[in-house]
Structures are given as structure tokens and as C-alpha cells.
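Q: 3D, please:
(chains A, B, C and D)
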Number of protein chains: 2
Amino acid sequence: MKLKELAGQLGLSQTTVSRALNGYPEVSAATRERVLEAARRFHYRPNVSARRLATGRAGAIGAVLQTDRNLLLDPHYVEFLAGLGERLAEDEIDIVLSPARGHDEIASYRRIAAATRVDAVILSSPLIEDPRVALLTELGLPFVLHGRTVSNRPHAWLDIDNENAFRHAANHLLDLGHTRIGLINGHAHFTYAAHREAGFRQALGLRGVTVDDRFIAEGYMTDEVGYRFTERFLNERPRPTALLVSSMMMALGAFRAMRSAGLELGKDVSMIAHDDVFPFLSAARMVPPVSTTRSSIRAAGTRVAELATELLAGRDPGTIHELWPVDLVIRGSTGPAPKGA
Amino acid sequence: MKLKELAGQLGLSQTTVSRALNGYPEVSAATRERVLEAARRFHYRPNVSARRLATGRAGAIGAVLQTDRNLLLDPHYVEFLAGLGERLAEDEIDIVLSPARGHDEIASYRRIAAATRVDAVILSSPLIEDPRVALLTELGLPFVLHGRTVSNRPHAWLDIDNENAFRHAANHLLDLGHTRIGLINGHAHFTYAAHREAGFRQALGLRGVTVDDRFIAEGYMTDEVGYRFTERFLNERPRPTALLVSSMMMALGAFRAMRSAGLELGKDVSMIAHDDVFPFLSAARMVPPVSTTRSSIRAAGTRVAELATELLAGRDPGTIHELWPVDLVIRGSTGPAPKGA
DNA sequence: ACGCAATTTGAAAGCGCTTTGAATGGGGCG
DNA sequence: CGCCCCATTCAAAGCGCTTTCAAATTGCGT
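A: From the prediction side, this is the model:
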């Protein structure tokens, strides 16, 4: 069933039917209702390619899938994509995935821009200085950045306030009397990791607590890495009495490492982890429940989708900046620093 | 630069230029070369939407992203997507991602079929009896299944020989004198997990070794789950002397659990894990190197992409069946059963 | 009643490509 | 030398939708 046929059935012109379907105002309410009803009845579905050709829009947004690094980081990325995709689906916008090997990532973006198959792209996990912003600006390909990076080009971004989140978390631990606090972080070249470390250091610095570099570690945000770093930290003497952890994945490993070492979470060692709110991984339901800095990465994806839509509607990227506050949720995994530790 | 302009520049008709560009035979070699050169020089890029409209093809293949279950299974899925996408990219075919909550997965496929935005879809991680095959057959949406399921509808699939893989692996352990062998598997409703268990049971059965159900476990294929099951197994008395593990992710956890228990891999406990060949997770480089049943899931993605292309070219889905043999790679993690265990 | 503006509808011209069917020119053959 | 066939090329007709511009209808004030 194509538009022409539908129009024929209704005894109307394609023009009117098209307008009725797309919500243009110059159609009478009665006609619109009639058209919508008929469209439903005949299961009319506009042909996307035709629409795209006529409007000059691809109706799709691109995302690059790094295929040779960080695959273990995926749960975070996929969760973000889930939020992004769910929101875009409402507007009938596709999300098209371009796999790219890390080394020719730049080439990938060039290809995407040249291919004109997407109206915009989403950038994730930016580095502290990320060349992609300049590149896409030059290519004229609209984009929304999830995270932040230094750049003098005005561009759209949404980020969570990692620095404050970890500052607050560290402060909370300091308030509880902890002074030997470890940080298990993502790779330091990522902005979010740098921000978290900065917040952490500032909190300690303001209280005159020296940061012990042996207790700062960075790596892939996986269970295993969490385990290894925690194990290493706990073998130091004196060992840290509290841990700040960048991901719930890592926290799982950290938790097991403590148990292996015969230490009790929330008593012998306190922990606050960053919680991206995975549906299958509830910090609240763990035993003990884990204190977290919490911010739904899926919600961020949803919002980024909206921002992308606004961008395509013509909004100036330079005006699109959102910095989300992060909740600090205190639960059983944090307790006063043990006395004689 | 559009086709018409390019044709104008060359003093040729659109027809000829289009044919030259798309490799049709009725263009003289000289003309073709001239056209290709000009296209390059003017950075000509065909408009995808126009081409899609004219050919009636979406130029895209769909993949559904389960957003509320199995996200931890993602590394496997994403690795598969990477292979799929890389191959499809060569043919300028997009991969579009449709996020779907598990409960309305069926609705998602209906929506995808109705929207006509993709020419085919890829099905992953099939259940033993998977309703999607019947659904898509009825909807008339071509698809390729990665894995297998019972269905009387002829359909295209590619799978690895999980049953034989685990039979061989189990046989190898039996040859080494192991009789108490544990199986740490993916969820049993997935076909691949069922096949692996079947292969495992057959091998033991043929040697008259009874399978101890306490040593069979299934769960998400993550590090953590591997750790927990292994820990549980090792606490039994007598404990298993060997383990068959469905994923390298799980194997990492299993390995740590052994270490925690003071046991040495390859001596006190042997292990063979299934290796999907993640670029960042090399079984060969571990200490000790891990024996594996090996089959690159990325390569499978690549091949599925090719099969999908053939499907779209008109090949009968009923003729597309590929069952890949799986290598058994023996390394240091397997050794003779300990004497007095 | 009449004229004018506002409302509603329609015809037709694209959007940029593919593909059908026809035209052109040159070469081989009798 | 004339004819037929093949290799090339082209003009034009779509593909299914959006959108411009014009036409038809309605409503209103005077």
C-alpha cells in the first residue's frame, strides 16, 4: 500500500494525505481523522527511502563501534546505546552502527561523513583532548558528545559531574575517618577518569590528607581488573581502609578480593562505587548494599537522543551543554574507619 | 556533486555513468576508467536514499539489541557484531540496531518488518525452540540465524559444532584420567548451551562415567559467575579434578577461584574453556596458557554477513546451512588427573 | 449581494538514482 | 559493397514521497 493508493481509496490527493499523516496544519480536522483511520485500516507504512530522498534527511544517527579496544567496556556503552536507541525509535530514527578498528577511527568518521547515511553521530568516551571534535566540526557532520573534552570549537555535549561526584564520595569517606583511601579508576586518558581522579585528589587535599600513589590504579572497567587492583592494594601495609571504585563491574571484583582476604566490606574496608545503573546489577541488592555515586547511563543515552534531535532541528550546538549532578547514595558498604587499622 | 553533474562534466549520460560506477558489463573499458577517475576527482558520492528508492532495497540489515537481559553477555554479541559490521561495510550495507525490551521482543520484530527499513535481520543466541523463526517466516522478513533452533520452516543458519567441541574436550579430559569433571555452562535454554551439555554427557556416558549433577552449573557468561560456580564446585568433596567452561570470561573467574582455593591450574585442576577469540583476551598468553575449544565469533559474524548478502541476492534460505567444526587446542591448563584426589 | 481573505485541497515538479527500451555506430561476413 | 549483429550509449520513465504554487471553497464584513 503506497501513498498514491491510499489517496485513491480516500478520493483525496497525495498531497492532502501526506499532510494529514505528517501533521501539517492546513488539513481540516475531519479529513485528517479520515486519513489516519484509513492509514491504520490499510496498514499503510510510508517508504522510508522515498521520504528520505524527498526530505534530504537520512533519518538515522551514527554510532561508531570500536572493534579492537575496550570491548570489555561494552556493557557501559551498550547500556548507553539502549537508552539512545529507545528514544530515537520513538521518532523513527535509526541508529546505525559503524564498526571501526581503533587505528583508523578517524578514517571511519570521514567515511561516515562522506557516505551521508546519517544526519549526525554520537561520540562516546572522549579523551581529555579528543581529535574527533575538530574533525567532525571540519567535516560539517553534526554530533553530540557524551562526556567532555577540551576544544575551542563550540559543540554539543552532555556529561555527568564526575568531579563533584568523586569529591563528595571522598569527603564522605573522610568524614567517616578514613585517610588511606584507594582509587580504582578507568583509564586516565578518558576525561571521565581524569575528572574523577581530580575530584578525589581535591577532597583529600582540602583535608590535608596526602594521596598515596600506590593506592591509585586505572584499567579496564571489568570485574577482573577490580579484583586484581583490590588484591594488590590489600597486600600493602598499611592497607587502605576505603576504596573509591569507578564502576560496579570493578566493584564486584573488589568485593570478592576483600572476601578472599578475609575482610568484611563496610567494616574492615569501606567502598563507594560509581553506579551506572545496570538493570541486572543492583547495588542496593548486594550484601551488604553498596554505597554509590549514581547516574543512569541509559538515561543519559535517552537525553543525548533528544539533544541530537534538537540539533537536527537546527539548534545551535554551542548552546547544548548539560552537566548532570550525580547522587551520592550511602548504604552499608561504607562505615567508620576501623580503629587500629 | 550529483550523478547528473558528473555526467555533464564527462559529456556522458547518467545511464552510462551509473552503469560504469556500478560495474555493469555494457560499458567500454575506456569509458569506465574515465568515469571512475572523474568520480574520484570530484569526490562523487551516490546518494544512498536515492539509490535505495530506485532499487527498492533498504541497504541495511537489522540487529535487535536486547536491552533488559543478558547485557553481560554483550562482549560476545558485540564481538559478533563487529565481524558482521566489518563485512557489511564492504558492501555499503548498514547495520541498524533496534533496541528492544525482552518482553516485547516479538513486537519489535513486527515493527521492524513493518517499517521496511532493513532488508533482512540477524538472529542471535537462539533458544532451543525459538519463536522468532516462525514469526519472521510469516512476516516474510529474510533472516540469518547465528546458532540453531528446532523449526520446520526452512531457514538460513550458521552455527559452530558445540556438541562435538565439548565431546572432544570431555574426551580429552577422560583420556587424561579425569572422571570428576565439572561443566560451567551458559543458560540451558540457549541451544548452544544445550548442545555443549549434550556433547559433554555423551562423552562421559560412552566411557561409563556417571555425570554428577552437582558439577553442572549454568548462568551468565561472566567472570563473576565463573568464580562463584568454581568456588562452589571446589568446596564439594571429593571435588572435580577438571572443568569444562563455556566462555573465557567465566574461565577468568574460575581461574581466580582456583587460586583462592590454593589450587594450581593444570595440575590440581584441569580446565578447558570455550574461546570465542576476543582480541583482548588471549587464552594462549595466560599463565598457564589455557586449553580451549576455539572458534572465532567475529569470523562467524563475517560469514553471517556474507550469507545475508547471498540471501538478499535471492539464494534460497533452505540451502544456507553451515556447521563449523571447532578446534580443540591443548595447552598447559590440562594435565593428567592428580593421583590421590 | 459582493469582494476579499482565510481555509482547504490538488496538480505537478522535484529529490538523485536505476533501468528499460530504443538508437547509434562499427565490424564481420557473404 | 550491402546487410546484419553486436557493442555502446542515451533518453526517459519510474521509485514513493514532500513541497511549491495555484485553484477551489468557505466565511465574513459591508
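Q: Do any residues in the helix or strand of chain A with the lowest mean pLDDT lie close to DNA strand C?
A: Lowest mean confidence among the helices and strands of chain A (mean pLDDT, DSSP states H and E): helix A:105-115, at a mean of 87. No: applying Cβ under 7 Å from any atom of the strand, one finds helix A:105-115 separated from DNA strand C by no less than 11.5 Å. Heads up, the C-betas are built off the backbone N, CA and C, glycines and all.
Q: Name the residues of that helix that come out as buried.
A: Within helix A:105-115, the residues that qualify as buried are A:Glu105, A:Ser108, A:Tyr109, A:Arg110, A:Ile112, A:Ala113, A:Ala115, counting by 16 or more other Cβ atoms under 10 Å in any protein chain shown.
Q: List just the nearest of the residues you listed to chain B.
A: For the buried residues of helix A:105-115, the residue nearest chain B by Cβ to the nearest Cβ is A:Ala115; the value is 6.7 Å.
Q: show me what contacts the closest one?
A: A:Ala115 is in contact with B:Arg45, B:Val48, B:Glu92, counting by Cβ atoms under 8 Å, 6 or more residues apart in numbering or on different chains.
Q: Recalculate using a threshold of 7 Å.
A: Taking Cβ atoms under 7 Å, 6 or more residues apart in numbering or on different chains, we find A:Ala115 in contact with B:Arg45, B:Val48.
Q: shaky segments in the stretch 201-341 of chain A?
A: Flagging of the stretch 201-341 of chain A using pLDDT under 70 yields the residue ranges A:340-341.
Q: Tell me where it has strands.
A: Ranges of strands in the stretch 201-341 of chain A, per DSSP state E, counting those that start in this stretch, are A:216-218, A:242-245, A:270-275, A:291-294, A:321-324, A:327-329.
Q: I'd like these as TSV, with mean neighbour count and distance to DNA strand D appended.
A: Formatted as TSV, these follow (neighbours: other Cβ atoms under 10 Å in any protein chain shown; distance: least, Cβ to the nearest atom of the strand, whole Å):
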stretch	mean neighbour count	distance to DNA strand D
strand A:216-218	19	49
strand A:242-245	29	49
strand A:270-275	27	42
strand A:291-294	25	41
strand A:321-324	15	29
strand A:327-329	16	42
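Q: In JSON lines: the ones you listed, plus distance to chain B.
A: Below are those laid out as JSON lines (distance: least, Cβ to the nearest Cβ, whole Å):
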{"stretch": "strand A:216-218", "distance to chain B": "16"}
{"stretch": "strand A:242-245", "distance to chain B": "15"}
{"stretch": "strand A:270-275", "distance to chain B": "14"}
{"stretch": "strand A:291-294", "distance to chain B": "17"}
{"stretch": "strand A:321-324", "distance to chain B": "21"}
{"stretch": "strand A:327-329", "distance to chain B": "21"}
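Q: Columns distance to B:Arg196 on top of the ones you listed, output as CSV?
A: Formatted as CSV, these follow (distance: least, Cβ to Cβ, whole Å):
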stretch, distance to B:Arg196
strand A:216-218, 36
strand A:242-245, 34
strand A:270-275, 34
strand A:291-294, 36
strand A:321-324, 43
strand A:327-329, 40
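Q: and the residue of the stretch 201-341 of chain A found nearest chain B, how many residues sit next to it?
A: Across the stretch 201-341 of chain A, the shortest distance to chain B (Cβ to the nearest Cβ) belongs to A:Asp223, at 4.3 Å. By the criterion of other Cβ atoms under 10 Å in any protein chain shown, A:Asp223 has 30 neighbours.
Q: who touches it in this structure?
A: A:Met249, A:Met250, A:Leu252, A:Gly253, B:Thr222, B:Asp223, B:Glu224.
Q: quick one, what contacts the residue of the stretch 101-250 of chain A found nearest DNA strand C?
A: Nearest residue of the stretch 101-250 of chain A to DNA strand C: A:Thr116, at 9.4 Å (Cβ to the nearest atom of the strand). Neighbouring residues of A:Thr116 by Cβ under 7 Å, 6+ apart: A:Ala58, B:Arg45, B:Asn47, B:Val48.
Q: For PyMOL, write the selection for the buried entries among those residues.
A: Burial among the contacts of A:Thr116 is assessed by 16+ other Cβ under 10 Å; the matching PyMOL selection reads:
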select buried, (chain A and resi 58) or (chain B and resi 47+48)
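Q: From the contacts of A:Thr116, list the ones also adjacent to DNA strand C.
A: With Cβ under 7 Å from any atom of the strand as the criterion, the contacts of A:Thr116 include B:Arg45, B:Asn47 near DNA strand C.
Q: Reformat the contacts of A:Thr116 as CSV; add secondary structure, pLDDT and distance to DNA strand D.
A: Shown next, in CSV, are the contacts of A:Thr116 (DSSP: H, G, I helix; E, B strand; the rest coil; pLDDT from 0 to 100; distance: Cβ to the nearest atom of the strand, whole Å):
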residue, secondary structure, pLDDT, distance to DNA strand D
A:Ala58, coil, 89, 13
B:Arg45, coil, 91, 18
B:Asn47, coil, 91, 11
B:Val48, helix, 89, 12
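Q: Quick check: residues of the stretch 201-341 of chain A near chain B?
A: Applying Cβ under 7 Å from any Cβ of the partner chain, we find that the stretch 201-341 of chain A lies next to chain B at A:Thr222, A:Asp223, A:Glu224, A:Tyr227, A:Leu252, A:Arg256, A:Ser260, A:Phe278, A:Pro279, A:Phe280.
Q: again, only using 8 Å
A: Residues of the stretch 201-341 of chain A lying close to chain B by Cβ under 8 Å from any Cβ of the partner chain are A:Tyr220, A:Thr222, A:Asp223, A:Glu224, A:Tyr227, A:Leu252, A:Gly253, A:Arg256, A:Ser260, A:Phe278, A:Pro279, A:Phe280.
Q: are any of those residues buried, and which?
A: Counted by 16+ other Cβ under 10 Å, these give A:Tyr220, A:Thr222, A:Asp223, A:Glu224, A:Tyr227, A:Leu252, A:Gly253, A:Arg256, A:Ser260, A:Phe278 as buried.
Q: Out of those, which sit inside helices?
A: A:Asp223, A:Glu224, A:Tyr227, A:Leu252, A:Gly253, A:Arg256, A:Ser260 (DSSP state H).
Q: In JSON lines, list the residues you listed along with distance to A:Thr31.
A: JSON lines is the format used below for these (distance: Cβ to Cβ, whole Å):
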{"residue": "A:Asp223", "distance to A:Thr31": "59"}
{"residue": "A:Glu224", "distance to A:Thr31": "63"}
{"residue": "A:Tyr227", "distance to A:Thr31": "66"}
{"residue": "A:Leu252", "distance to A:Thr31": "59"}
{"residue": "A:Gly253", "distance to A:Thr31": "62"}
{"residue": "A:Arg256", "distance to A:Thr31": "66"}
{"residue": "A:Ser260", "distance to A:Thr31": "72"}
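Q: give me the residue from the stretch 101-250 of chain A nearest DNA strand D.
A: A:Asp119 (13.8 Å).
Q: Contacts only, for that residue.
A: Contacts of A:Asp119 (Cβ under 8 Å, 6+ apart): A:Arg57, A:Ala58, A:Gly59, A:Ala60, A:Ile61, A:Pro142, A:Leu312.
Q: Could you pull up the contacting residues of the nearest residue to the third one once chain neighbours are set aside?
A: Counting by Cβ to Cβ, 6 or more residues apart in numbering or on different chains, A:Gly59 lies nearest to A:Arg52, which is 5.3 Å off, once chain neighbours are set aside. With contacts taken as Cβ under 8 Å, 6+ apart, A:Arg52 has the following neighbours: A:Ala58, A:Gly59, B:Ser49, B:Arg52, B:Leu53.
Q: For A:Arg52, identify the helix or strand it belongs to.
A: helix A:48-55 (DSSP states H and E).
Q: State the next helix or strand along the chain beyond that helix.
A: strand A:60-66.
Q: Given that following strand, what are its sheet partners and their directions?
A: Sheet pairing of strand A:60-66 (DSSP bridges) gives strand A:94-100 (parallel), strand A:120-124 (parallel).
Q: want to try JSON lines for those strands, with mean neighbour count as columns?
A: Shown next, in JSON lines, are the strands paired with strand A:60-66 (neighbours: other Cβ atoms under 10 Å in any protein chain shown):
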{"stretch": "strand A:94-100", "mean neighbour count": "24"}
{"stretch": "strand A:120-124", "mean neighbour count": "23"}
